[in-house]
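Participant: model this:
(chains A, B, C and D)
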There are 2 protein chains.
Amino acid sequence: MYKSKPEVVAAFREHGLRCTPRRYAVLDYLARHPVHATADEIFQAVNRTDPRTSRATVYNSLHALAEAGLVREVHLEGKSVRFDAIIERHHHFVCEQCGSVEDIAWFDVPRLSRHAQLGARLIRDYEMILRGTCEVCSSKLS
Amino acid sequence: MYKSKPEVVAAFREHGLRCTPRRYAVLDYLARHPVHATADEIFQAVNRTDPRTSRATVYNSLHALAEAGLVREVHLEGKSVRFDAIIERHHHFVCEQCGSVEDIAWFDVPRLSRHAQLGARLIRDYEMILRGTCEVCSSKLS
DNA sequence: TTTTGTGCAAAAGGTTTGCATACGA
DNA sequence: TCGTATGCAAACCTTTTGCACAAAA
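Facilitator: Model prediction:
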């Protein structure tokens, strides 16, 4: 969810991260555009606002944010990694028509739970990937 | 599951694909090594057997096989796409220690089904990604 | 014979790295 | 001030492409 600037600064601190303008811009963009942007989309947006911003810094910021747990990497079809500022547990939906990715509110899979075992494996977490046709695309089809 | 050569040839035919030695080698490698190899790992293996094999052909073969539905792309953490010769529905488990990927036998998520609706979205299919510690790594930890 | 697959090498696209400089705490 | 973030450019790695040649149907 979207956090106020002081909250974000506090979150940075908590994770031993300096709150720099670029990092803030990256996180802010992600929080305000929950569409699972790629690094390049984030770079384009942040660079538009502050043209001095470089690609490398966007990548650095994303890694720092990810390591601090303020942002999540999302690996799905397509060549580039996507990023998500929503770090609470949730599932993902991928539209096979337009490629958009949406968050799906969390629901438990009864058979599983965190810290469950599956065979000799230890489950730390799980998520679902749903694929199909998004609202916009299904309205276009009809 | 592993198919005999005539079965594979038939499967190729069915999808309008010529059965060439490279394609066969790629599919055969994947079927015999169900560890979700990357294109490069497949290239290394196939090239070891037949040193004339090029990277480009491995990529071409993988795309042809994927398009024909004989192979699946698996997108997970890491820079490269992984491939899976098991095309039946199943889930995936990723070991956060060693990065290995294992198939998990299919089970339904009661709340969902193919062709279900979730909001205004049409679900065509779904899968689970489980993350944790694999058998080998958890035995090393204890 | 005709169509399509293959190898090679070069290019592309996304991401990482090295280094000098600028900036936050 | 000190340590680290930043910009730039070059490097890297995976994947794609163009083209001449070879092989499958």
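Participant: Touching the lowest-mean-pLDDT helix or strand in chain A from outside, list them.
Facilitator: Using mean pLDDT, DSSP states H and E, the weakest-scoring helix or strand in chain A turns out to be strand A:117-118, at a mean of 82. Applying Cβ atoms under 8 Å, 6 or more residues apart in numbering or on different chains, the contact partners of strand A:117-118 are A:Leu112, A:Ile123, B:Phe93, B:Ile104, B:Leu130. Every C-beta, even on glycine, is put in place using the N, C-alpha and C of the backbone.
Participant: Could you tell me which of those residues belong to strands?
Facilitator: A:Ile123, B:Phe93, B:Ile104, B:Leu130 (DSSP state E).
Participant: Which residues of chain A lie near DNA strand C?
Facilitator: Contact residues, chain A versus DNA strand C (Cβ under 7 Å from any atom of the strand): A:18-21, A:38-40, A:55-56, A:59-60, A:63, A:79-81.
Participant: ok, now with 10 Å
Facilitator: Chain A comes close to DNA strand C at residues A:9, A:12-13, A:17-24, A:38-43, A:52, A:54-60, A:62-63, A:66, A:73, A:75, A:78-83, as judged by Cβ under 10 Å from any atom of the strand.
Participant: Name the residues of stretch A:38-47 that are buried.
Facilitator: The neighbour-count check on stretch A:38-47 (16 or more other Cβ atoms under 10 Å in any protein chain shown) flags A:Ala39, A:Glu41, A:Ile42, A:Phe43, A:Ala45, A:Val46, A:Asn47 as buried.
Participant: ok, that stretch near chain B or not?
Facilitator: No - remark: stretch A:38-47 sits outside contact range of chain B, by Cβ under 8 Å from any Cβ of the partner chain, the gap being at least 13.0 Å.
Participant: Likewise for stretch A:84-94?
Facilitator: Yes - Stretch A:84-94 reaches chain B (Cβ under 8 Å from any Cβ) through A:Phe93.
Participant: Quick check: buried residues in that stretch?
Facilitator: A:Asp84, A:Ala85, A:His90, A:His91, A:His92, A:Phe93, A:Val94.
Participant: One more: stretch A:118-130?
Facilitator: A:Leu118, A:Arg121, A:Leu122, A:Ile123, A:Tyr126, A:Glu127, A:Met128, A:Ile129, A:Leu130.
Participant: From these, pick the one nearest B:Glu135.
Facilitator: A:Arg121 (6.0 Å; Cβ to Cβ).
Participant: give me the beta-bridge partners of that closest one?
Facilitator: Going by DSSP bridges, A:Arg121 is paired in beta bridges with A:Leu118.
Participant: Next, the contact list for it, please.
Facilitator: B:Phe93, B:Cys95, B:Glu102, B:Leu130, B:Gly132, B:Thr133, B:Cys134, B:Glu135, B:Ser138.
Participant: let's see it at 10 Å
Facilitator: B:93, B:95, B:102, B:104, B:130-138 (Cβ atoms under 10 Å, 6 or more residues apart in numbering or on different chains).
Participant: low-scoring stretches of chain A, by residue?
Facilitator: Scanning chain A with the threshold set as pLDDT under 70 gives A:1-2.
Participant: Same list, the buried residues of stretch A:118-130, but as JSON lines with distance to A:Arg32 please.
Facilitator: Shown next, in JSON lines, are the buried residues of stretch A:118-130 (distance: Cβ to Cβ, whole Å):
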{"residue": "A:Leu118", "distance to A:Arg32": "38"}
{"residue": "A:Arg121", "distance to A:Arg32": "38"}
{"residue": "A:Leu122", "distance to A:Arg32": "37"}
{"residue": "A:Ile123", "distance to A:Arg32": "33"}
{"residue": "A:Tyr126", "distance to A:Arg32": "28"}
{"residue": "A:Glu127", "distance to A:Arg32": "23"}
{"residue": "A:Met128", "distance to A:Arg32": "26"}
{"residue": "A:Ile129", "distance to A:Arg32": "24"}
{"residue": "A:Leu130", "distance to A:Arg32": "24"}
